[in-house]
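Q: take a look and give me a structure for this.
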Amino acid sequence: MYDYLLLDITREGQVATITLKRLERHLREKAETGRPGGAQRADEVARALGELRDDRSVRVIVITGKEDVFTIPPSSYGHHGNPGTDWDIMNGVTRAVEALCTIEKPVIAKVNGHAVGFGANLVLGCDFIVAREDAIIADHHMSAGDLKIDGKIVGSADHCMAPGDGGSVFAPLKMPMAMAKEYLMLARPFTAKELATMGVVNYAVPADQLDAKTDEMAQALLRRNAYALAMTKRVLNKPALAAFNSIHDAGLAYEFLNFYMQTPQAKELGKGRGEHEL
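A: A predicted model of the protein is given here:
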């Protein structure tokens with residue numbers, strides 16, 4: 001059994017819940033314990049989905065956050081630069097996105113609060129989305145310091161990078177292309193209520209109705225034949241798997257390339273080229 005640092009797994013009957021822990025608190029634990037920080041969250045999500053995929057007692061999976069935050073990333077990209085760490089990040093993200101495309105069991109995103117970056121794209125990769133109507137869903141990669149949530153800048157103001165953690169796979173599948181480009185290229189934040197009007201979110205509800213609506217959907221799924229659900233999902237997820245195979249590696253590679261192109265040393269060598277011209 002893997003010892004998870006950044007999430008918890010609980011089971012109630014045939015429903016398993018993955019709860020993402022508050023990242024800012026556990027980054028402090030990294031310094032104290034020497035264990036991986038927020039950049040390794042995707043790896044733990046991939047491991048958890050794999051564990052639950054193989055657990056025959058589990059038929060429905062719910063992914064949610066702790067308290068009133070689904071997940072918000074750290075504001076620094078300083079974790080890039082170490083080959084071993086970079087490989088762990090790239091491999092973890094790839095495994096998580098692939099798992100969302102291939103797992104046969106229904107996965108419900110229970111969006112209890114703001115979901116930004118990998119967390120937002122994790123939401124979009126789920127089969128069903130039940131969200132607090134005021135929860136904000138945003139990809140921070142291209143924000144360039146412009147993304148503000150609750151009055152605070154989210155994402156680094158120092159970098160602007162291609163989205164490589166699933167957004168380029170899932171957003172164009174779930175959103176109209178014009179909105180997907182705003183979401184990714186301008187880091188436009190959407191509320192769950194806005195996304196519900198576009199058909200991206202299944203249900204945007206008041207916070208006090210989130211548990212009941214998620215449970216209602218989980219129980220409805222449990223009344224269906226498990227094998228029929230699995231095979232139906234395999235068919236419906238063929239476009240997602242095709243998008244993963246054709247898009248994900250390029251997006252992730254470009255993200256890392258962008259990072260190295262925007263280090264202080266690279267900017268000095270480029271003498272500003274890339275900031276305001278192509």
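Q: quickly list what the closest residue to Thr10 other than its chain neighbours is bridged to.
A: Nearest residue to Thr10 in three dimensions, chain neighbours excluded: Thr17, at 5.0 Å (Cβ to Cβ, 6 or more residues apart in numbering). Placement of C-beta: from N, CA and C, glycine included. Beta-bridge pairing for Thr17 (DSSP bridges): Thr10, Val62.
Q: ok, Thr17 - how many residues close by?
A: Each residue near Thr17 was counted by other Cβ atoms under 10 Å, and the total is 20.
Q: how near is it to Asp86?
A: Noted for Thr17: a distance of 31 Å to Asp86, by Cβ to Cβ, to the nearest Å.
Q: could you do Thr10 as well?
A: Distance from Thr10 to Asp86, by Cβ to Cβ: 32 Å.
Q: pick out whichever of those two has more residues nearby.
A: Neighbour count, other Cβ under 10 Å: between Thr10 and Asp86, Asp86 has more, with 15 against 10.
Q: got the phi and psi for that one?
A: The phi and psi values for Asp86, taken as degrees, to the nearest 10, are phi -60, psi -40.
Q: quick one: it and Ala253 touch, right?
A: No - using Cβ atoms under 8 Å as the test, Asp86 is too far from Ala253 to be in contact (11.3 Å).
Q: residue contacts, Phe118?
A: Residues near Phe118 by Cβ atoms under 8 Å, 6 or more residues apart in numbering: 41-42, 71, 73, 93, 96, 165-166.
Q: as a markdown table, the residues you listed with distance to Ala196 and secondary structure would be great.
A: Shown next, in a markdown table, are the contacts of Phe118 (distance: Cβ to Cβ, whole Å; DSSP: H, G, I helix; E, B strand; the rest coil):
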| residue | distance to Ala196 | secondary structure |
| --- | --- | --- |
| Arg41 | 26 | helix |
| Ala42 | 26 | helix |
| Thr71 | 20 | strand |
| Pro73 | 24 | coil |
| Val93 | 27 | helix |
| Ala96 | 25 | helix |
| Asp165 | 23 | coil |
| Gly166 | 21 | coil |
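Q: out of the residues you listed, which is nearest to Ala135?
A: Thr71 (11.2 Å; Cβ to Cβ).
Q: I figured that closest one was touching Arg41, is that so?
A: Yes - between Thr71 and Arg41 there is a contact under Cβ under 8 Å: 7.3 Å.
Q: between the two, which contacts overlap?
A: Common neighbours of Thr71 and Arg41 (criterion: Cβ under 8 Å, 6+ apart): 20, 23, 118.
Q: quick one: least confident of these?
A: Least confident entry in those, by pLDDT: Leu23, with 77.
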